[in-house]
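**Q** quick one, fold the following:
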Amino acid sequence: MSATYETRGPVAVITLNNPPVNGLGLSTRKGITEGIERASNDPAVKAIVITGAGKAFSGGADIREFGSPLASASPDLLSVIAAVEGSDKPVVAAIHSVVMGGGLELALGCHYRVAAAGTQVALPEVKLGLLPGAGGTQRLPRVLGLETALNLIVTGDTAKSEQLAAQPGQKLFDKLVDGDVLDAAIAFASDVADRRPLPRVRDLKVSHPEPDAYLQFARNTVGAMSKNFPAPLQCVEAVAAAVNKPFDAGMKVEGEIFAALMQTPESRAQRHMFFAERAASKIPDVPADTPVRAIAKVGVIGAGTMGGGIAMNFLNAGIPVIILETKQEALDRGLATVRKNYEAQVKKGKLAQDKLDQRLALLTSTLAYDDLKDVDLVIEAVFEDINVKETVFKALDEVCKPGAILASNTSTLDVDKIAAFTKRPQDVVGMHFFSPANVMKLLEVVRGAKTAKDVLATVMALGKKIRKTCVVSGVCDGFIGNRMIEQYSRQAGFLLDEGASPQQVDKAIEKFGFAMGPFRMGDLAGNDIGWYIRKRRYIEQPDMRYSKTADLLCELGRFGQKTSAGWYDYVPGKRDANPSPVVAEMLEKHRAALGITPRRISDEEIVQRLVYALVNEGAKIVEEGIASKASDIDMVYLTGYGFPLHRGGPMCYADTQGLFNVVASMKKFAKNPADDAAFWQPAPLLAKLAAEGKTFS
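**A** Alright, predicted model coming up:
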């Protein structure tokens, strides 16, 4: 049983004991109801305390039961709360550390609540596309007032117990304590043991001077801020029921909305991401208890935009960094950029001046490889050329101590080839940060053929410490993200050949939900980077066909925002993308040279060709074992490439569309003479799953 029962004098203590956060799984739920019944039947017991063992009161539902029959098996959480609330003896919640989701709803079902200072309080269900489904939308407004409660429910944000205890008229906590919360709760329970009637949150009224006006304001505000997500607005409607309806009627509204939200594609996408993020950290053949190497100091080769951004991640985590450059002026420029980035955060109030000073104190610089002899990890962030990488890694192999991890930030090059430049390939790994490296969440961890398991475990643990979402990739050209984006970009080019404009393609995919379309993205990143990669492709993969439009653009010197001219025209110092007459003319001449009559292309076709190109290449990546699971691909695209969160990533989106339908569309695209028919042959894994009526997940 995941809940224990004991008596302390006249007080029964039920302790939730389901590590790590006392999730309310079936065994725990049974333990609570059985404990309540046992206390009720014991004449010596006058009051009951419910608390949590370890580092939480309760973090809510047990995520291990999500999607299984156990989650709704009897007694469900509603039944547990009803048993607690209906107890004939007072029930006191002894809250500490973490009380979230169903854990907070359980506490709200108790007659009294004693809390430890510093407790984190939240109803985060909205982040899964849901709302609290066990009375949270009905009870929290009754104890915190309409505005405070609605804000917590709609955002899913965490608040500290003392912050909430300071709210005027709050009835969430009956007592806030600095010492041992269980002892305090037992003493409190003894004091209130004989008080009757027992107070119930359900009997309180929601307080607000102008509730209807405030709810309308909330609808307008929340609706504008959450256009792709139905849950926040539905949270407002559920809370409105707490204001305007009797408790049981409000509970009925909450239940109906919860059930409807469970079926939405947006909630499925958000739940998929929740589990995908946790699954990404698990590597099938690397046990969770694999020993990790100590990382006390990090070296970064290259003080450019990427090198400086990478360094900031470690400085933010309190890890000393030494940056190496070959020329003093490049080093000075890079260090000045790091300082400028931090000063910008101070100006915005996001960073205290003393924190800036602490971080910069951890940063040193050098022009000599010998100064890297004591680093535990070194990451190169130099020009994307295999010959340059060879020079760097041979130098590192000479000076770095045994056991130091040698990492490359390469975005496309062969990590095994890079490892072979050293006498220690087991210590070499890819750490592909995304630009800007100090902001973007994704870290692609590239596992070479000889990368040691403890190196992989160390980098994954370190990634968590510097607050990155780490996804492991095998070695192939472009790894997961860039290998797939190449097919997406190729399709964007073919669409231009056939009659679409850059702005039509960008608008269609941005309306779908991407942060930025392929042509605006190219202008931001620099079109010359793609040009450099294509030149390599023309030699290494002569059969790979591309639209010539991107090369023609680069031949005009239109590299993007940095030259104030790319697919769009830019005013220096501004990022506004203005349609370019030069590009329109270039496309017209190009089509004429190919003998193509432009056709009208629908936004639906644009979205399908771009997204399904990702899906087909993603299926090949899973089949080849470059990614260990389809959800890893979704994490790469959600955290590194601006794929819309409410659609759950390319593989999740394909599942929601039905893989049979995806394959049918691909067969149609294969018949287009201006497209690449060979590419649109469904990947064997995709074809197999579609034929069997299965999904990637």
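**Q** after the helix or strand bottoming out on mean pLDDT in the chain, which helix or strand is next?
**A** Using mean pLDDT, DSSP states H and E, the weakest-scoring helix or strand in the chain turns out to be helix 527-540, at a mean of 88. Later in the chain than helix 527-540, the nearest helix or strand by DSSP states H and E is helix 549-555.
**Q** for the stretch 1-150 of the chain, just list every one of the helices.
**A** 26-40, 77-85, 102-109, 136-144, 146-155 (DSSP state H, counting those that start in this stretch).
**Q** what's the nearest residue to I95 if we skip its chain neighbours?
**A** Leaving aside its chain neighbours, I95 sits nearest to A115 (4.3 Å; criterion: Cβ to Cβ, 6 or more residues apart in numbering). Glycine gets a C-beta too; all of them are placed from N, C-alpha and C.
**Q** what about that neighbour, distance to A12?
**A** 20 Å (Cβ to Cβ, to the nearest Å).
**Q** returning to what we had before: any idea which of the helices of the stretch 1-150 of the chain gets closest to R575?
**A** Closest to R575 of the helices of the stretch 1-150 of the chain is helix 146-155 (Cβ to Cβ; 28.6 Å).
**Q** give the pairing partners of the next helix or strand after the closest one; include direction for each.
**A** As assigned by DSSP H and E, the chain's next helix or strand after helix 146-155 is strand 159-160. Strand 159-160 pairs in its sheet with strand 120-122 (antiparallel), by DSSP bridges.
**Q** list the contacts of the partner strand.
**A** For strand 120-122, contacts defined as Cβ atoms under 8 Å, 6 or more residues apart in numbering pick out 97-101, 104, 152, 156-161, 164, 172.
**Q** swap the cut-off to 10 Å and go again
**A** Residues outside strand 120-122 that contact it (Cβ atoms under 10 Å, 6 or more residues apart in numbering) are 56-57, 59-60, 95-101, 103-104, 107, 115, 140, 144, 152-153, 155-161, 163-165, 172-173.
**Q** what residues are up against the residue nearest to I95?
**A** Contacts of A115 (Cβ under 10 Å, 6+ apart): 57, 93-96, 99, 107, 121, 161-162, 164-165, 172-177, 181, 184-185.
**Q** 8 Å instead?
**A** A115 makes contact with I95, H96, V99, S161, A165, F173, K175, L176, V177, V181, according to Cβ under 8 Å, 6+ apart.
**Q** what about these, which are in strands?
**A** I95, V99, K175, L176, V177 (DSSP state E).
**Q** does M516 belong to a helix, a strand or coil?
**A** Secondary structure of M516, reduced to three states by DSSP: H, G, I helix; E, B strand; the rest coil: coil.
**Q** could you shift the numbering so residue one becomes 288, and keep it that way?
**A** In the new numbering, first residue 288, that becomes M803.
**Q** now do it, the pLDDT please.
**A** For M803, the model assigns a pLDDT of 93.
**Q** dihedrals phi and psi, the closest residue to it other than its chain neighbours?
**A** Spatial nearest neighbour of M803, chain neighbours left out: G929 (5.8 Å); criterion: Cβ to Cβ, 6+ apart. G929 adopts backbone torsions of phi 70, psi 20, taken as degrees, to the nearest 10.
**Q** domains in the chain, by residue range?
**A** 290-549, 585-760, 768-978 (automatic domain parsing).
**Q** quick one: mean pLDDT for the first one?
**A** Domain 290-549 carries an average pLDDT of 96.
**Q** quick check: D714 touching A694?
**A** No: using Cβ atoms under 8 Å, D714 is not in contact with A694; the gap is 9.2 Å.
**Q** counting neighbours, go ahead and name the busier of the two.
**A** Using other Cβ atoms under 10 Å as the criterion, D714 and A694 rank with A694 on top: 31 against 25.
**Q** tell me the bridge partners for the more buried one.
**A** So, taking DSSP bridges as the rule, A694 has I666, V716 as bridge partners.
**Q** how close does A290 sit to D329?
**A** Using Cβ to Cβ, A290 is found at 16 Å from D329.
**Q** between those two, who's got more neighbours?
**A** Higher neighbour count among A290 and D329: A290, with 23 against 13, using other Cβ under 10 Å.
**Q** check contacts around that one.
**A** Contacts for A290 (Cβ under 8 Å, 6+ apart) come out as I301, T302, L303, N304, N305, S314, T315, K317, G318, I319, G322.
**Q** pLDDT weak spots in the stretch 638-787 of the chain?
**A** For the stretch 638-787 of the chain, applying pLDDT under 70 flags no range at all.
**Q** the helices in it, which residues?
**A** Here the stretch 638-787 of the chain has its helices, by DSSP H, counting those that start in this stretch, at 640-648, 673-686, 702-706, 740-752, 768-785.
**Q** using TSV, lay out these together with distance to Q632 and mean neighbour count.
**A** Below are the helices of the stretch 638-787 of the chain laid out as TSV (distance: least, Cβ to Cβ, whole Å; neighbours: other Cβ atoms under 10 Å):
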stretch	distance to Q632	mean neighbour count
helix 640-648	8	13
helix 673-686	30	16
helix 702-706	33	22
helix 740-752	20	20
helix 768-785	27	22
